[in-house]
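Peer 1: predicted model and sequence follow; I will ask about them next.
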Amino acid sequence: MIDASHRDPKWLRFSFLAITIGFLLAVVALPLVAVFVNAFDKGVSGWWEAVSHPDAVAALKMTLIAAGIAVPVNAVGGFAAAWLVTRFRFRGRSLLLALLDLPISVSPVIAGMVFVLLFGGQGWFGPWLQDHGIRLMFAPPAIVLATCFVTFPFVARELIPVMEEIGVSGEEAASMLGAGGFETVRRVTLPAIKWGLLYGLLLCNARAMGEFGAVSVVSGHIRGETNTLPLHAEILYNEYDFTGAFATASILTLLAGVTVVLKLWLERRGGVKQRRH
């Protein structure tokens, strides 16, 4: 394969390099610097006071709970969807693939409104839920439900190309040797797709912790109960508590940084494994 960098003129390479660096500085680096500068505007004590406030702690717990439930649920659902798409040919397969992209294609705000129309007090199932004493909307279950919806495609979309690439030969060989379905998945399929699965779970977790639109619609913005970190930051900002808002945003930024580091590690480990094989 010919390296295009040896054919292109230097001025073109440097122009694209300057555009890329300028874009990253303006859109990524400077906003990140602004977050931490404003977060520590009143010093470390001011930052700590903001992030240790009971409402902030409750928002962090709600964020972790939503992500902690959504990620395992989507791990199972995403694997099942990927298995169905890659191991079987059936009518409606193209429709299923299109539906997998629906949570990404639809605005999260619209997704939240759909849940309100379905499970709200005046929704299709709202009266039945109220009659049975089940509170779904404007409560933690609604946040978990909305988070599961918007994060569902990430695991499936990472696994589908991986499972198509590895094929079914290993699974068929295990089956011919007498392995059961569960044992085949555990000993053959999961080891072969583990890096794609971990990568999908990482992206799913990152989206779950940062989700705003759908959660904002279904949460009710109840302080100390249904606010996540993004919602808590918005409330503080609207109340002109800029230090508190950016301190909360700094926590999200640090979590995003951890995600990036893990992403790079997974890509490196996955690349090493592929080269070995």
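Peer 2: Looks like it came in fine. Numbering: from 1, shown residues only.
Peer 1: report the distance from stretch 59-71 to the chain centre.
Peer 2: 11 Å (CA atoms, centre = their mean, to the nearest Å).
Peer 1: contacts for that stretch, please.
Peer 2: 140, 143-144, 147-148, 151, 201, 204-205, 208-209, 211, 215, 225-232, 248, 251 (CB atoms under 8 Å, 6 or more residues apart in numbering). (Each C-beta comes from the backbone N, C-alpha and C, glycine too.)
Peer 1: so who does Phe138 touch?
Peer 2: Neighbouring residues of Phe138 by CB under 8 Å, 6+ apart: Val218, Ser219, Gly220, Ile222, Thr226.
Peer 1: excluding residues flanking it in the chain, which one is nearest the last one?
Peer 2: Nearest non-adjacent residue to Thr226, counting by CB to CB, 6 or more residues apart in numbering: Ser219, 4.1 Å away.
Peer 1: ok so, going back, just the ones of the contacts of stretch 59-71 in helices?
Peer 2: If you go by DSSP state H, those have 140, 143-144, 147-148, 151, 201, 204-205, 208-209, 215, 229-232, 248, 251 in helices.
Peer 1: please enumerate the helices of the stretch 51-200 of the chain.
Peer 2: Under the criterion DSSP state H, counting those that start in this stretch, the stretch 51-200 of the chain contains helices at 54-87, 93-100, 102-105, 108-119, 126-131, 140-166, 169-176, 181-184, 190-210.
Peer 1: and of those, who's closest to Val260?
Peer 2: Closest approach to Val260 among the helices of the stretch 51-200 of the chain is made by helix 190-210 (8.8 Å; CB to CB).
Peer 1: pretty sure the residue nearest to Thr226 contacts Ile143?
Peer 2: Yes. Taking CB atoms under 8 Å as the definition, Ser219 is a contact partner of Ile143 at 5.6 Å.
Peer 1: got any residues that touch both of those two?
Peer 2: Common neighbours of Ser219 and Ile143, using CB under 8 Å, 6+ apart, are Thr226, Thr228.
Peer 1: more neighbours, the two?
Peer 2: Shown here are Ser219 and Ile143; by other CB atoms under 10 Å, Ile143 has more neighbours (29 against 23).
Peer 1: turn the helices of the stretch 51-200 of the chain into TSV, columns for distance to Leu25.
Peer 2: As requested, the helices of the stretch 51-200 of the chain are exported to TSV (distance: least, CB to CB, whole Å):
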stretch	distance to Leu25
helix 54-87	29
helix 93-100	35
helix 102-105	28
helix 108-119	28
helix 126-131	49
helix 140-166	28
helix 169-176	47
helix 181-184	50
helix 190-210	22
